[in-house]
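S.K.: Predicted model, plus sequence, below.
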Amino acid sequence: MATFNYSSKSSIKDNLTEILVGAGLIIVPVVYPFGIKVGTLRILGPLPTAIILALVGLYMLFRAWRKIHKARKLAAKSCIITVDGDKVTYPVIVKGNVEMCSFTLSEISSSNYNYDNGILTITLANGSTAKFDVDFFDGLPQLKEFAALLKK
């Protein structure tokens with residue numbers, strides 16, 4: 001039986017870059033309005049540029065908030081992924097509550113790790129998917145060890 005910690009211990013620190021960049025995209029155009037020019041041709045004035053950058057900044061802050069919120073819910077329940085023989089039990093947040101789900105290794109039809117997002121996606125034979133985020137593991141080596149156990 002193998003167990004893996006699946007609750008981030010430093011969710012704010014993990015998302016600090018996204019929080020700072022998102023806040024910067026909102027604050028900089030407000031404090032120092034600027035437009036976008038190519039040569040002498042003005043593409044966007046200061047107001048549309050500020051609006052676009054503020055919307056991107058708000059989106060980044062929302063994504064960081066959502067990830068922090070999810071990490072805190074998982075940490076409050078001390079979530080652990082368990083691989084016991086052929087059965088895998090893992091936590092999932094459904095409608096704001098943490099629930100434990102499970103599947104067997106024989107149900108796995110494919111697994112794919114997206115290096116850009118840091119998400120391991122397991123596709124099951126019934127068409128459902130299970131997603132595991134590297135940010136909630138103790139580190140990338142633990143996620144790789146977990147993925148290796150699933151391929152046995």
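M.R.: In hand now; what should we look at?
S.K.: Leaving out sequence neighbours, find the closest residue to Gln84.
M.R.: Careful, residue 84 is Asp and not Gln. Met1 (4.6 Å; C-beta to C-beta, 6 or more residues apart in numbering). C-beta: built from backbone N, CA, C; applies to glycine.
S.K.: What count of nearby residues applies to the one you found?
M.R.: Per other C-beta atoms under 10 Å, the neighbour tally for Met1 reads 7.
S.K.: where's it relative to Pro91, distance?
M.R.: 17 Å (C-beta to C-beta, to the nearest Å).
S.K.: now do Leu47
M.R.: Going from Leu47 to Pro91 by C-beta to C-beta gives 45 Å.
S.K.: higher neighbour count, the two?
M.R.: Pro91 (19 against 11).
S.K.: And the pLDDT at the residue of the chain positioned farthest from its centre?
M.R.: No residue in the chain sits farther from the centre than Thr40, which is 41.3 Å out by C-alpha atoms, centre = their mean. Listed pLDDT for Thr40 reads 81.
S.K.: Same check on Lys152?
M.R.: 67.
S.K.: And Leu74, by the same measure?
M.R.: 79.
S.K.: isn't it right next to Phe136, touching?
M.R.: Yes. The criterion here is C-beta atoms under 8 Å, and Leu74 meets it with Phe136 at 6.1 Å.
S.K.: Quickly list what's touching both of the two.
M.R.: Taking C-beta atoms under 8 Å, 6 or more residues apart in numbering as the contact rule, Leu74 and Phe136 both touch Tyr6, Ser7, Ser8.
S.K.: of these, the lowest pLDDT goes to which?
M.R.: Within the shared contacts of Leu74 and Phe136, pLDDT is lowest for Ser8, at 72.
S.K.: and that residue, that one's in a strand?
M.R.: No. Read with DSSP: H, G, I helix; E, B strand; the rest coil, Ser8 is coil and lies in no strand.
S.K.: Identify the residues contacting stretch 39-49?
M.R.: Residues contacting stretch 39-49 (C-beta under 8 Å, 6+ apart): Pro29, Pro33, Phe34, Gly35, Ile36, Lys37, Ile52.
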